[in-house]
Each structure stands twice: as structure tokens, then as C-alpha cells.
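Peer 1: curious how this folds, go ahead:
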Amino acid sequence: MALGTLDRTPPPFFRQGPSALSKLLFFAALALFLMVADSRFALVSQARAVLATVLLPVQRTLLVPVTLAEDGYQYLEGLKSARAAEQEALQRLAQQSLQAARTRELEEENARLRALLELRPAITARTQAAEVLWEAGDLYTRKVIIDRGARQGVALGAPVVNEQGVVGQVTRLYPLSSEVTLLSDKDAAIPVLNGRTQQRGAAFGGVNDALELRFQAANADIQPGDPILTSGLDGVYPPGLAVASVERVDRRAEGGFARVSLKPAARMDGLHHVLVLEPMGKQLPPRPDPKQDALAASGGPR
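Peer 2: Numbering: from 1, shown residues only. Okay, the predicted model is just below:
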């Protein structure tokens, strides 16, 4: 058979149809048409909703391993944090138990020493809670009004404290309220004790809610950070209450005295609730009468 008589056209099974470029242009035009139609007329919104509903279980199923991995990681991290917190709590509990044991031992030793020396028991001040009503209207003083007065048993000169330390002292008494002069007032003064050196002194109100420790020698052993506590020698404040801490010491002040600035332990601004203590002088035994002592020393009346 001559080669010229052969049919060179491919059989129908192997026909390729339109060219690749034609297919690309067709589907690109179709995609563009669908996008424009969907944005203008929302033609495929229902189809998209149906497809999303059908694929939702599949998506959730595929997310199960990821969720399990994240939950497992969070569980392990939480377990690790819980164990660390438990260990820290046990350490704190052990320290608190040791401190409590030492405190009980010191209290027992103190009681034995007081009994041995025939000293009277330590004074415990009676307290009552009070709420700060408002600040005094005088701009040149630092005073507040509390909702406890003479009818509630508040005494004139009673110390006022909060959870941070000494706040001030009752300086004016009314039937149902009291006026408290804060430590930062320019006229306030309180006898204090240096908690580190046990050196006594007097703290006075200053400016900008600061205190000043006056009449301290230029070579006195005072350092920034020293705790300043109540001395309890005035018969008003119980001993050992936090008053302030040394903030700055200027030893080059004139007159041979150091200028010691104190930072109050209690914040004077934003007071809401305080404790009113009974003055220590009311719990002390009465002072002896000199006339009776002289009469007793002379052997009585003749």
C-alpha cells in the first residue's frame, strides 16, 4: 500500500480538543464572570452556604488532632505550674511554721522573764474600726474626719493607724465624729525609735506628705532605709508601730544637726478605713499621789 493513501488523522480516542490556551482563557473568563455575578447578584451565596455546611464536619474532624495537641500541651503546662505553686506553698508553710514556733518560744520566754522580774504584762491596746468621711476644709493643714466620736468611746489624743502604720492622732472630738490630724501635718509630732540602732528621737510633719527627724547630731548613726517605729514613751502610741523609714540624710546641715527626711509608712492620701486605738495612758496604773506618799513615809497622821 502506498504511503500516500494512509489516513494521518488521530483516532477519536486520542483527540485533544481545544488547545490549552483556549481552555485557560475560557475558565478565566468564567471565573471572572462568576466573581462579578456573585458580588453583584449573590448568585453563589446559597451554594457557598451549602458547601460550608457540608464541609463543617470535615473541618472539625481535621481540627481534632490539633485541638487534642493544644489541650494536652496546656494540661501539661498547667500541671507543671500547679506543682511549682504547690512546692512554693509548702516551702512558705514550712517557713511560717518555723516562724510560728519561734514566736511561741519567744512569747513563753518573755512571759517567764516577766514573771521572774515581777513585771506587769505587756499592754494590749483596744481598737475600733472607723471610716474616713472627708478631709478637713483647711488647705494649710492635713486633717480628716472619721465616723467615730465620743459616743463610740473615742478619746481625745487617741492614735489612728491602718494596715501600713501610724496615720495620725485624734485632735478634736465630737459626739458622732472626730477630727484626726495626720502625721504629715506641719504641727504634728510623734516620739519615735530607730528600729536598727534603738536611738530615740522625735518626728515632725514636713512638706509634701513627708516627715522630718529633728535634733539628730551630724555624726549620728542614721542610714537611709532605717525603720522608724513608735517608742511608746509618750503614753499615747503603743511601742513598735511602723511610722516611717529614713529616706535621705543630709549631714552638712547648719547648726551641727543632721537633716533627716522620712517617708511615712502609711499613705496619707486616699484613706478610707482606719483603726482608732485607745491611748496607752488610760491602760497604765494611776500615778501615785505625792502627798499620800509623803504622809505614808512620815508614819501617818498624828
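Peer 1: check which helix or strand Arg92 maps to.
Peer 2: Using DSSP states H and E, the element containing Arg92 is helix 45-117.
Peer 1: show me what secondary structure element comes after that helix.
Peer 2: Using DSSP H and E, the helix or strand that follows helix 45-117 in sequence is strand 127-135.
Peer 1: what helices or strands is that next one leaning on?
Peer 2: strand 143-146, strand 273-277 (3 or more CB pairs under 8 Å, 6 or more residues apart in numbering; DSSP states H and E). Any C-beta I mention is one placed from the backbone N, CA and C, and that applies to glycine too.
Peer 1: could you dump these into TSV with distance to Asp250 added?
Peer 2: Formatted as TSV, these follow (distance: least, CB to CB, whole Å):
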stretch	distance to Asp250
strand 143-146	29
strand 273-277	32
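Peer 1: run through the bridge partners of Ala130.
Peer 2: Note on Ala130: beta-bridge partners by DSSP bridges are Val274.
Peer 1: quick one, what contacts it?
Peer 2: Ile146, Asp147, Arg148, Val154, Val160, Ser178, His273, Val274, Leu275, Val276 (CB atoms under 8 Å, 6 or more residues apart in numbering).
Peer 1: wait, doesn't Ser45 sit right on Ala37?
Peer 2: No - Ser45 lies out of contact with Ala37 (CB atoms under 8 Å); the separation is 10.8 Å.
Peer 1: the chain - how does it break down into domains?
Peer 2: The chain is divided into the following domains under automatic domain parsing: 24-118, 127-282.
Peer 1: lowest average confidence across these, which one?
Peer 2: Lowest mean pLDDT within these: domain 24-118, at a mean of 82.
Peer 1: from Val170, how far off is Val236?
Peer 2: 10 Å (CB to CB, to the nearest Å).
Peer 1: do Gln216 as well
Peer 2: Taking CB to CB, one finds Gln216 at 28 Å from Val170.
Peer 1: now the strand or helix carrying Ser245: buried residues?
Peer 2: According to DSSP H and E, Ser245 maps onto strand 242-250. Neighbour-count burial for strand 242-250 flags Ala242, Val243, Ala244, Ser245, Val246, Val249 (criterion: 16 or more other CB atoms under 10 Å).
Peer 1: equivalent analysis for stretch 228-239, please.
Peer 2: For stretch 228-239, the neighbour count (16+ other CB under 10 Å) marks Ile228, Leu229, Thr230, Ser231, Gly232, Asp234, Val236, Tyr237, Pro238 as buried.
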